[in-house]
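Peer 1: coordinates for the following, if possible.
(one chain, ligands or ions: 3)
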Amino acid sequence: MRRKLFIILISLSVFLIGEVILARLIQAEQQRIEETNRYLALERVSTLRARVEGLLQANLLAIRQLRTEIYLNPEFDEERLRLISNSIFSDSLQTRHVAIGVGYVIQFIHPLTGNEAALGFDYRTAPEQLNSYEQALETNEITINGPVQLTQGGTALIARVPVFADGAHNIVISQVIDHERLFQQAGVMDSSELLVSIRGRNGSGREGPVIFGPNAIWQQDPVTQVINLPSGEWYIAVMPASGHWRSESGLAPWWWFFGTLLSALLALATAYILFNQQRLKRAFRTITQQARFDSLTDLPNRHYFLEQLEHYVNSCKRRNEQCALLFIDLDRFKEVNDVLGHAAGDQLLKVIAERLRISMRQDDLVARLSGDEFVLVLKNLHEPVHAQIQAEKILQFIREPITLNNQDVTIDSSIGIAIYPEDGDSADDLLKAADLAMYEAKNNGRGMAAFFSQKLRAKIEDQVRQHHELVHALNNQEFLVHYQPVIHADNGEITSVEALVRWQHPTAGLLEPAEFIQAAERNGTIRELGNKVLQQVCRDLPALRAAGIQGRIAVNISSHQFYDQAAVETWFAIMQEHDVSPAEFIFEITESMLLPDRERQRKMLLSLHDRGIQLAIDDFGTGYSSANHLRHFPISMLKIDRSFAVGVPDDHAHSNLLAALIHMARALSVDVVVEGIESAQQVEFIRHQCADLIQGYYFAQPMALAELLQRYGKTDASNTVDLNAATKKKGGVSR
Ligand code: C2E
Ligand code: CA
Ligand code: CA
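Peer 2: Ligands and ions are numbered 1, 2, ... in the order given. You can find the predicted model right below:
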């Protein structure tokens, strides 16, 4: 609230400052205009002054000329005055007429017309005129009189100059000038915007009476100039008609309008920026919060946790301290999610997060890594056993019932413990170690804690080495394919041949799949391995056919090979490359491929079947698939796992189980292969159960292609296995 007020105040100040600046600007602009106006007026008044002076001088020049003429030849009459005057006074002058006074009385006038009334005028009867008359006589110079009221009517300016100034015989020329016409011709009346006034009657200067224009402007603040007369001076003044210099330019209101608008906008922008800065800060805070914390549990996320852990590990390094990293994974969380729904799952995660928060010490770190994985760092650890104790506590605490959907649920967890610096000296290494320890805990039976150990490290190193070895072996063509026939129980005919991979290890000798398939599945090399086997089978196939060995070739396909449709396409590409039809193959898969949530794999199986490959369920009986479920898949064969043949027929329980499985398979109308047949009694039992097909050491162990061709090729009369002689052959297998 206070911040808001602050922002409002700041914005208001911005507005006010804007207005003050605006006022200053407008004032300065008006001053500038005023000065310009004055300057223009000064220019104008100077011009007027010069013109008035010029015109006056022109008139006075004429009177001087007349004076010279009379002076040089004083004998003259009216006629001579007319002649001289006509040559001197042109129309361009503003001289109305000239009068020659002799001894204070006007004797001659030119032109006479219109001025008759003045003839015989005695200056001594008009004191004002007498004054200037005498002044002229006294100074022997031109004096300016008036404007004065003329006897013959009107007003005019009179310039007087004496020709002879001696006593009663003085001769004085009076030039009557139409001052108004003079002013007009000087341009005094030209401008309507500027008022012009002239003062200084009789040359009396600034204080004299006004002789032209409005009196009022002298009381204002006019621009003035002096007009110099032969005797005395006039003042000319101009003033705008508006009465002030500050011309009412229409701009000012617009200036105010736009200026105020601008100030207001600036103020708003300031407010906007300040408010948004707050919002930005807040947004930034939320973004960092979101980037660092898990939204469901409010615990730090993986990224932020690793950052914190890294810092902490570094400080442990400096201070030589120990710490423990606990990797906590909920057991069977997926089931809770599936059975009670995601909302309940989320609820459960929140409760667990809260329990972890409660169980940690104040400066310990806790975070949610992903899904149902949490981590806890126990800082400043004195003894590893304390980590064990803490882990046990957490296991207990997590195990306490949680009410979800009005139902009490208990969930177990497994905890992996890694100790700094023993198990890793970087955040990443510690996390990996704790993760592996957690898997160890799960393998050991869930609901418990396990330390990362050297044994575990050795195991991992082993796995890494294995991976390298497998990759090397693949590149080095160390894998071979052996074949084991499947025969018909009734006539000993070979119905199919199973391809089984072997690893010709450079130091360990010939290795069986049990020693490397799992590893290959774990590290992904199984894909390439599977392709290699398929390629080898394709290469071997022509020889088999040439030898007259019939039946499809069964190839084992690990569920890890079914990762995408591209893998399936690769198999077809291999077949095409070797010009082998898919109809030559049986793909053996395990029941896990048929689980309901394996929709992707189901589609791939269908595409295999559609293109002619037969599908067999391998190790049947060890998985969970019900006969009903199997119906949904295009299965042609079930291979009953060899564990069911063990002890048959003496072991009644096993025998019954095997019999039941055979019946179940027959009920599905698919071929049944019983694997692991090692004795004549077993063969007998199987025959009795009406099973068709058998595979086992009793007839043949897996063998190299050459041996297979040699034993069952065309030279061998029938391509059948002698069921009774099989035992004799047992020693002759390729091993
Ligand atoms: P599987 O598919 O059940 O293959 C049959 C296994 O049973 C073979 O072991 C075979 O030698 C053995 N066997 C056959 N008759 C008898 C018998 O009478 N008694 C006993 N005790 N064993 C018998 P092998 O070759 O060691 O293969 C083991 C497993 O490795 C196979 O079991 C199969 O799951 C996997 N495997 C083999 N080759 C490949 C392959 O190319 N790819 C994949 N993904 N897995 C393969
Ligand atoms: Ca198999
Ligand atoms: Ca099997």
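
Peer 1: which elements pack onto the strand ranked longest in the chain?
Peer 2: Longest strand of the chain, by residue count under DSSP state E: strand 494-505. Using 3 or more CB pairs under 8 Å, 6 or more residues apart in numbering; DSSP states H and E, the elements in contact with strand 494-505 are strand 479-488, strand 509-511, helix 526-546, strand 552-556. (C-beta placed from N, C-alpha, C; glycine too.)

Peer 1: with mean neighbour count, distance to residue 130 and mean pLDDT added, can I get those in TSV?
Peer 2: Converted to TSV, the helices and strands packed on strand 494-505 look like this (neighbours: other CB atoms under 10 Å; distance: least, CB to CB, whole Å; pLDDT from 0 to 100):
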stretch	mean neighbour count	distance to residue 130	mean pLDDT
strand 479-488	22	152	97
strand 509-511	12	156	96
helix 526-546	18	141	96
strand 552-556	22	153	98
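
Peer 1: what lines up beside the longest strand of the chain in the sheet?
Peer 2: Neighbouring strands of strand 494-505 in its sheet, by DSSP bridges, are strand 479-488 (antiparallel), strand 509-511 (antiparallel), strand 552-556 (parallel).

Peer 1: is ligand 1 within reach of the shortest one?
Peer 2: No. Looking at strand 509-511 against ligand 1 by CB under 6 Å from any ligand atom, there are no contacts, and the closest approach is 9.4 Å.

Peer 1: state the mean pLDDT of the helix or strand hosting residue 9.
Peer 2: Taking DSSP states H and E as the definition, residue 9 sits inside helix 2-72. The pLDDT scores in helix 2-72 average 89.

Peer 1: distance between that helix and the chain's centre?
Peer 2: Put simply, helix 2-72 sits 57 Å off its chain's centre (CA atoms, centre = their mean, to the nearest Å).

Peer 1: residue 155 bridge partners, please.
Peer 2: On the basis of DSSP bridges, residue 155 is bridged to residue 149.

Peer 1: about what we covered before: could I get the strands paired with strand 494-505 in TSV, plus columns for distance to ligand 2?
Peer 2: TSV is the format used below for those (distance: least, CB to the ion, whole Å):
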stretch	distance to ligand 2
strand 479-488	9
strand 509-511	17
strand 552-556	5
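
Peer 1: next structured bit after the helix holding residue 9?
Peer 2: Downstream of helix 2-72, the first helix or strand assigned by DSSP H and E is helix 78-88.

Peer 1: any idea how far that following helix is from the chain center?
Peer 2: The chain centre lies 101 Å from the centre of helix 78-88; the measure is CA atoms, centre = their mean.

Peer 1: now stretch 157-176
Peer 2: Chain-centre distance of stretch 157-176: 100 Å, with CA atoms, centre = their mean.

Peer 1: same check, this time on stretch 271-279
Peer 2: So, by CA atoms, centre = their mean, the centroid of stretch 271-279 is 19 Å from its chain's centroid.

Peer 1: please apply the same query to stretch 414-434.
Peer 2: Distance, stretch centre to chain centre, for stretch 414-434: 38 Å (CA atoms, centre = their mean).

Peer 1: which SSE is residue 418 in?
Peer 2: Residue 418 is part of strand 413-420, with elements assigned from DSSP H and E.

Peer 1: state the mean pLDDT of that strand.
Peer 2: Per-residue pLDDT over strand 413-420 has a mean of 95.

Peer 1: could you point out which element follows that strand?
Peer 2: Downstream of strand 413-420, the first helix or strand assigned by DSSP H and E is helix 427-443.

Peer 1: next, the angle strand 413-420 makes with that next one.
Peer 2: Between the axes of helix 427-443 and strand 413-420, defined by axes from the mean of the first three to the mean of the last three CA atoms, to 10 degrees, the angle is 140 degrees.

Peer 1: and helix 427-443, what does it pack against?
Peer 2: By 3+ CB pairs under 8 Å, 6+ apart, helix 427-443 packs against helix 302-319, strand 322-330, strand 413-420, strand 449-451, helix 454-475.

Peer 1: who does the shortest one touch, helix- and strand-wise?
Peer 2: Based on contacts counted as 3+ CB pairs under 8 Å, 6+ apart, the elements that strand 449-451 packs against are helix 384-399, strand 413-420, helix 427-443.

Peer 1: make TSV out of these and add distance to residue 565.
Peer 2: As requested, the helices and strands packed on strand 449-451 are exported to TSV (distance: least, CB to CB, whole Å):
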stretch	distance to residue 565
helix 384-399	41
strand 413-420	35
helix 427-443	30
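
Peer 1: looking at those, spot the one closest to ligand 2.
Peer 2: Among those, the nearest to ligand 2 by CB to the ion is helix 427-443 (26.0 Å).

Peer 1: now the angle from that closest one to strand 322-330?
Peer 2: Orientation check (the same axes, to 10 degrees): helix 427-443 against strand 322-330 gives 50 degrees.

Peer 1: now what about helix 427-443, what contacts it?
Peer 2: 306, 309-310, 313, 325-329, 331, 375, 414-418, 420, 423-424, 448-453, 456-457, 460 (CB atoms under 8 Å, 6 or more residues apart in numbering).

Peer 1: buried ones among the residues you listed?
Peer 2: Buried subset of these (neighbour count, 16 or more other CB atoms under 10 Å): 306, 309, 313, 325-329, 331, 375, 414-418, 420, 423-424, 448-453, 456.

Peer 1: residues of the stretch 601-735 of the chain that sit close to ligand 2?
Peer 2: Residues of the stretch 601-735 of the chain lying close to ligand 2 by CB under 5 Å from the ion are residue 618.

Peer 1: point me to the residue of the stretch 601-735 of the chain nearest ligand 2.
Peer 2: Residue nearest to ligand 2 within the stretch 601-735 of the chain: residue 618 (4.3 Å; CB to the ion).

Peer 1: in a helix, that residue, correct?
Peer 2: No. Counting by DSSP: H, G, I helix; E, B strand; the rest coil, residue 618 falls outside a helix, being strand.

Peer 1: relative to ligand 1, how far out is the nearest residue to it once chain neighbours are set aside?
Peer 2: Using CB to CB, 6 or more residues apart in numbering and skipping the chain neighbours, the partner closest in space to residue 618 is residue 588 (4.1 Å). Look at residue 588 and ligand 1: by CB to the nearest ligand atom, to the nearest Å, they are 6 Å apart.

Peer 1: use 324 as the first number from now on
Peer 2: Happy to do that; since the first residue is 324 now, the last one works out to residue 911.

Peer 1: identify the residues contacting residue 911.
Peer 2: Residue 911 is in contact with 821, 877-880, 939-941, 962, counting by CB under 8 Å, 6+ apart.

Peer 1: one more: residue 721?
Peer 2: 651, 653, 675, 678, 734-736.

Peer 1: count of residues packed around residue 983?
Peer 2: Using other CB atoms under 10 Å, the number of residues around residue 983 comes to 13.

Peer 1: for residue 793, same thing?
Peer 2: Neighbourhood size, residue 793 [other CB under 10 Å]: 22.

Peer 1: touching, it and residue 843? I think so.
Peer 2: Yes. Between residue 793 and residue 843 there is a contact under CB atoms under 8 Å: 5.7 Å.

Peer 1: overlap in contacts of these two?
Peer 2: Here residue 793 and residue 843 have residue 852 as joint contacts, going by CB under 8 Å, 6+ apart.

Peer 1: who's the residue lying closest to residue 535 once chain neighbours are set aside bridged to?
Peer 2: Of all residues not flanking residue 535 in the chain, residue 521 sits nearest, at 4.2 Å (CB to CB, 6+ apart). Note on residue 521: beta-bridge partners by DSSP bridges are residue 535, residue 559.
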